[in-house]
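Asker: kindly generate the corresponding structure for this input.
(chains A and B)
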Protein chains: 2
Amino acid sequence: MDYSILTNEELTKQLALCKKRYQSLLKEKLSLDLTRGRPSQEQLELSQPMLDYIATYKPGKNSDYRNYGQVEGIPELRAAIADMLDVDKENVIATSVSSLNLMFDVLARAFSFGVCGSTPWAKLPKVKFICPVPGYDRHFKMLESFGVEMICVPLLENGPDMDIVEQLVASDEAIKGIICVPRFSNPTGDVYSAQTVDRLVAMPTAAKDFRIFWDNAYFAHELYADAPVLKNIFDCAGDLDRVYMFMSTSKITMPSGGISALICTPKNVKSTLEFMGVQSLSYNKLVQYAHAQFLPNAAALRAHMEKHAEILRPKFERILALLDERLIGLPQVSWNHPRGGYFITIYAMPHTAKHIVDLCKKAGLTLTAAGSTYPYYRDDLDSVMRLAPTYIQPEQIDVAMDILMTSIEIATLERMIG
Amino acid sequence: MDYSILTNEELTKQLALCKKRYQSLLKEKLSLDLTRGRPSQEQLELSQPMLDYIATYKPGKNSDYRNYGQVEGIPELRAAIADMLDVDKENVIATSVSSLNLMFDVLARAFSFGVCGSTPWAKLPKVKFICPVPGYDRHFKMLESFGVEMICVPLLENGPDMDIVEQLVASDEAIKGIICVPRFSNPTGDVYSAQTVDRLVAMPTAAKDFRIFWDNAYFAHELYADAPVLKNIFDCAGDLDRVYMFMSTSKITMPSGGISALICTPKNVKSTLEFMGVQSLSYNKLVQYAHAQFLPNAAALRAHMEKHAEILRPKFERILALLDERLIGLPQVSWNHPRGGYFITIYAMPHTAKHIVDLCKKAGLTLTAAGSTYPYYRDDLDSVMRLAPTYIQPEQIDVAMDILMTSIEIATLERMIG
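Answerer: Prediction:
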């Protein structure tokens, strides 16, 4: 239905229908959740066999992974990760904490100890970061906790608006970094173009210790074989010392029980291990060992991720089919069609997102808080909504989407009528 | 032999005998190690059955420990730790990283975010800590990395010299904390008396955000049933908000594969989780689950630790018997007889420890570097030597001790002769 050609009277009639539908949904007293990007139980079962490797571990002749040491990670896991990301294994530091934890620690070290010998950021009057928006709420929360001033730059289809980024970082030495999810961006699902990646590495920065926090959280999370590929940032020409790449298996094996890695140049590896070795004598090497056995290389990872995609594809496709079927024609409402990752983003009519989230909540569907994809929860347009389709049971999708779409219709029509 | 009554000539003769013995040891081209407090493989095997709980984990009705959440730790592990330490389970934050890592993070948070709302320590011109000496090298290294000025206070048999501690902390608000291993202290094996514990909690401090880093690393590590008990610091009267207690299972189950916990008052728990929740969504809950199953309470822990003691007691006893037999009578050389923990400390004749460590190294026995039990490696007397008897094979003890004692004799006699 093309709502833009309807008269006020027709819109009012349509709104009444939607409200009636909403009332009947209210009566069902549902409890549904599309908030967070959690793997479903079915996905977790895919990695259950991995845990056997922990129980059957036997120490080698010259090493016992149950004991202290090797804070940089065990060699076979570093090699496996290197193969997955096409990087040098010497450049991989593998841990058993989450990549969020690892990233927080890298940031905390920059604040306490500086970056490869630079002034500790805590000693500076002001530290700023470029934040492509919409983005990942936990990144913003992390930066906020350290008092970082976040400068929003629009995320376009090919990555952040690089003209703006280049201009900002060239002139302001308080800008110490940018934080990105370059493939299947959280929440938009966009993949940075090769040109964007090139420009990020090549651009002149006023800060000599500028760092790209390259959160490659969805590097292997394509839903389709033909999904866009991300250029390997370490293949770019320019200042590679500015790159901190992060990966984790939270959404490959298990969120609580996975491994993560920091990938960076030898200079950064050396400087990182210097302080990491003060913080810890070793991470959990049995968990690392199990991962290296279960996913020894890129080929094993690909085969494993196809199984995830088989579970996730129908969920994404059903949600998108429902949106495409029912909401096309609602003015100023759109959504993306991601080829991978964990999220679908809906751009609601400006100034309706909070209202929609409230309507959904009352009808028993919890959504990520409106505004949470922006620093300080400030989405000035009050438009961006993030859906996480992974955790919900397939049979719950239709009713959850009915609540969501009815709420979107109500909020949009109310605003059109004015 | 009472060396003090020997003439210079007799000492010279004795020295020649020792040097001959040393030459014959050199020829054996040995490779032995008494440096670090590592559990032996035999000890690690005690906890091998624990790993089965990871492989056989099945999600519950309302929780799946493989997924995100519960950054404070799973309830059954918090309860188990609470029982072991006789504290409230709500006051336990359980993780799956090492206690060193946890402690580093607590310190890093104090520097970046302050303590329960106080000024971040990184913003202060100077932060000082009281360090009882001799102490644990990794504590000192950690404090040093944050630029903390370490004030050494002698560790007596009953704990640090409290008269000095009380005087220092009462007048200097830059002193933000003290770092302790209160039971079976690393390296001396001393246990703080109840009076010391009371005084630490009760003493007035100039700093309102003063903290006791109470590294209870050896809380369950007695070698004998009648080993001295440590007063529960949370039973003391005074400012309990100043206590951060740490425990870990590195030397109970496995160093790389254990769990650790921070135990503190509700006020500190709240403040800690506020920032911990920004750093991480969860630690490894399967590892936590396995620990809670394997060691569900204090009784299970006691039974398990008795098995460790059975392995360790003969090693400690053999080393002490050799020292008592051969070195008694060497002037200004003494050693402690710990009732638990992981170390034996030898107090060599002043200005000989480095020389002894060098002599041992040349003969194939690696010891902890002399000086490492002091901040900045500064043992002004050059006397304290730390032995770690746990990792060495029983059949290697005699020859390792032969190297060590011969080296001590040589260094001492050379100095006596002058």
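Asker: check whether stretch A:208-223 contacts chain B.
Answerer: No - with Cβ under 8 Å from any Cβ of the partner chain as the measure, stretch A:208-223 is seen stopping short of chain B, the closest distance being 12.5 Å. C-beta: built from backbone N, CA, C; applies to glycine.
Asker: for chain A, longest helix please?
Answerer: helix A:298-326 (DSSP state H).
Asker: what helices or strands is it leaning on?
Answerer: If you count contacts as 3 or more Cβ pairs under 8 Å, 6 or more residues apart in numbering or on different chains; DSSP states H and E, helix A:298-326 packs onto helix A:41-45, helix A:75-85, strand A:344-347, helix A:397-417.
Asker: now that helix against helix A:397-417, angle please.
Answerer: Using axes from the mean of the first three to the mean of the last three Cα atoms, to 10 degrees, the direction of helix A:298-326 lies 50 degrees away from that of helix A:397-417.
Asker: which one of the helices and strands packed on helix A:298-326 lies closest to chain B?
Answerer: Comparing the helices and strands packed on helix A:298-326 by their distance to chain B (Cβ to the nearest Cβ), the top pick is helix A:41-45, with 4.8 Å.
Asker: got the helices and strands packed on helix A:298-326 as a markdown table, with mean neighbour count, distance to residue B:306 and mean pLDDT columns?
Answerer: Shown next, in a markdown table, are these (neighbours: other Cβ atoms under 10 Å in any protein chain shown; distance: least, Cβ to Cβ, whole Å; pLDDT from 0 to 100):
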| stretch | mean neighbour count | distance to residue B:306 | mean pLDDT |
| --- | --- | --- | --- |
| helix A:41-45 | 16 | 37 | 96 |
| helix A:75-85 | 22 | 35 | 98 |
| strand A:344-347 | 21 | 57 | 97 |
| helix A:397-417 | 21 | 55 | 97 |
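Asker: report the buried residues of the longest helix of chain A.
Answerer: Using 16 or more other Cβ atoms under 10 Å in any protein chain shown as the test for burial, helix A:298-326 gives A:298, A:301, A:304-305, A:308-309, A:311-312, A:315-316, A:319-320, A:322-323, A:326.
Asker: so, in contact with chain B or not, the worst-scoring helix or strand of chain A on mean pLDDT?
Answerer: Least confident helix or strand of chain A, by mean pLDDT, DSSP states H and E, is strand A:32-33 with a mean of 94. No - Strand A:32-33 is not in contact with chain B by Cβ under 8 Å from any Cβ; minimum separation 12.7 Å.
Asker: ok so, going back, and of the buried residues of helix A:298-326, the nearest to residue B:46?
Answerer: Using Cβ to Cβ, residue A:304 comes nearest to residue B:46 of those, at 34.2 Å.
Asker: could you pull out the helices for the stretch 51-200 of chain A?
Answerer: Along the stretch 51-200 of chain A, counting by DSSP state H, counting those that start in this stretch, helices occupy A:75-85, A:99-113, A:137-145, A:162-171, A:194-202.
Asker: pull the residues that contact the next helix or strand after the last one.
Answerer: Just to be clear, that refers to helix A:194-202. Counting by DSSP states H and E, the next helix or strand C-terminal to helix A:194-202 is strand A:211-215. Strand A:211-215 is contacted by residues A:99, A:103, A:106-107, A:110, A:115, A:136, A:139, A:176-182, A:200-201, A:233, A:242-246 when judged by Cβ atoms under 8 Å, 6 or more residues apart in numbering or on different chains.
Asker: sheet-wise, list the partners of strand A:211-215 with their directions.
Answerer: Strand A:211-215 pairs in its sheet with strand A:175-180 (parallel), strand A:243-248 (parallel), by DSSP bridges.
Asker: could you pull up the mean pLDDT of that strand?
Answerer: Strand A:211-215 comes out with an average pLDDT of 98.
Asker: what angle sits between that strand and helix A:194-202?
Answerer: Inter-element angle recorded for strand A:211-215 and helix A:194-202: 140 degrees (by the same axes, to 10 degrees).
Asker: what does the pLDDT read for residue A:61?
Answerer: 87.
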